[in-house]
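**Q** test case, fold it:
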Amino acid sequence: MRLSLKLPLVYTLLIATLGGAFVGLTSHMVEGAMEGEEEEYFEGLTRFFALNGATAVVLKDYAALSTLVDNMAEAEHVRYVAILDATGRVLAHSDHAQEGRVPDTSLERRAAQATGLLVQRPGENLVDVTAPLTIAGRKWGAARIGFSQDDLRVKIAGAQLLILGIGGGVVLLGALTVLLIARRITGPLGQLHWGAEAFRRGDLGHRVPDRAGDELGDLARAFNDMARDLAAHYWAIEHAKQE
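**A** Numbers count the residues shown, from 1 in each chain. This next block holds a predicted model:
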């Protein structure tokens, strides 16, 4: 394979590999950061819910507790809201048909037994967060909120698409840069090659451009000096033969 093709191909593949690694790593980091930020929001909202729920229980204002559950169910990304007593029985739920139920799944039992903030993922794009409902230093029950991550997935997909576009643009720009550099290198080398071919055919007056101010320019000037010396010696020998 000719150097004029091999050089840009090798470096373009290298740039593409590095660009792919950059896109993959950046996408993973962005996804982790966005998930972490949203999970912090979920945890903070659940703690707030538990704090307000405990206040309503202390005041024995169960109507306010039900209203609180309904209001929380309207918050962004919320799928369901529940207040559990110490046994795990549902005292208030955004789906009122669930009220009075006792825990009958492992997820619900873990939520009822949680002594600290508990984050569970019962399904795709669903996060269940439980915060203990504490009164006078003792656990009275628990506050549960189920959050949807559907919107987050759409945002992550958009961010990853943007990163992919930027990475593709960088790879394309890098490939064009490599192509220009390769032409700058292989162009003078090709001229030297054709100059040598011209000399082989007997064209002793052929010269190569030597305008570059780098090592390739130095090589071209050395080639031209050598060509002039060879031509001078050749014509001196021819003149001597004629004499």
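**Q** contacts and neighbour counts: CA atoms only from here.
**A** Fine.
**Q** surely residue 181 is in a helix?
**A** Yes - under DSSP: H, G, I helix; E, B strand; the rest coil, residue 181 sits within a helix.
**Q** show me what the one helix or strand residue 226 maps to packs onto, helices and strands only.
**A** Taking DSSP states H and E as the criterion, residue 226 maps to helix 215-242. Judged by 3 or more Cα pairs under 8 Å, 6 or more residues apart in numbering; DSSP states H and E, helix 215-242 is in contact with helix 150-200.
**Q** in the helix holding residue 226, which residues are buried?
**A** If you call a residue buried by 16 or more other Cα atoms under 10 Å, then helix 215-242 has these buried ones: 216, 217, 219, 220, 221, 223, 224, 227, 228, 231.
**Q** run the angle between the stretch of helix or strand residue 34 belongs to and helix 150-200 for me.
**A** With elements taken from DSSP H and E, the one containing residue 34 is helix 3-58. Here the directions of helix 3-58 and helix 150-200 differ by 170 degrees (axes from the mean of the first three to the mean of the last three Cα atoms, to 10 degrees).
**Q** what's the model's confidence in helix 3-58, averaged?
**A** Regarding helix 3-58, the rounded mean pLDDT is 84.
**Q** quick check, residue 100 in a helix?
**A** No - Residue 100: not assigned to a helix; according to three-state DSSP it is coil.
**Q** pretty sure it sits against residue 91.
**A** Yes - here residue 100 reaches residue 91: they are 6.0 Å apart, a contact under Cα atoms under 8 Å.
**Q** nearest the geometric middle of the chain, what residue?
**A** Geometric centre of the chain, nearest residue: residue 27, 1.7 Å, by Cα atoms, centre = their mean.
**Q** now that one: closest residue in space, sequence neighbours ignored.
**A** residue 160 (5.5 Å; Cα to Cα, 6 or more residues apart in numbering).
**Q** residue 205 - how many residues pack around it?
**A** Neighbourhood size, residue 205 [other Cα atoms under 10 Å]: 12.
**Q** and the angle for the lowest-mean-pLDDT helix or strand in the chain with helix 150-200?
**A** Every helix and strand of the chain was ranked by mean pLDDT, DSSP states H and E. The lowest is helix 215-242, at a mean of 75. With the same axes, to 10 degrees as the basis, helix 215-242 and helix 150-200 are set at 10 degrees to each other.
**Q** start at 44 instead
**A** Got it, first residue is 44 now, which makes that one helix 258-285.
**Q** any idea how far helix 258-285 is from the chain center?
**A** Relative to the chain's own centre, helix 258-285 is displaced by 59 Å; criterion: Cα atoms, centre = their mean, to the nearest Å.
**Q** before we move on, what about stretch 138-158?
**A** That offset, for stretch 138-158, works out to 38 Å (Cα atoms, centre = their mean).
**Q** hmm, who's touching that stretch?
**A** 123, 127-136, 161, 163, 165, 173-175, 182, 184-185, 187 (Cα atoms under 8 Å, 6 or more residues apart in numbering).
**Q** which of those residues fall within strands?
**A** In this view, these that belong to strands under DSSP state E are 123, 127-128, 133-136, 161, 163, 165, 173-175, 182, 184-185, 187.
**Q** list buried residues within those residues.
**A** So, by 16+ other Cα under 10 Å, the buried ones in the ones in strands among the contacts of stretch 138-158 are 123, 127-128, 133-136, 161, 173-175, 182, 184-185, 187.
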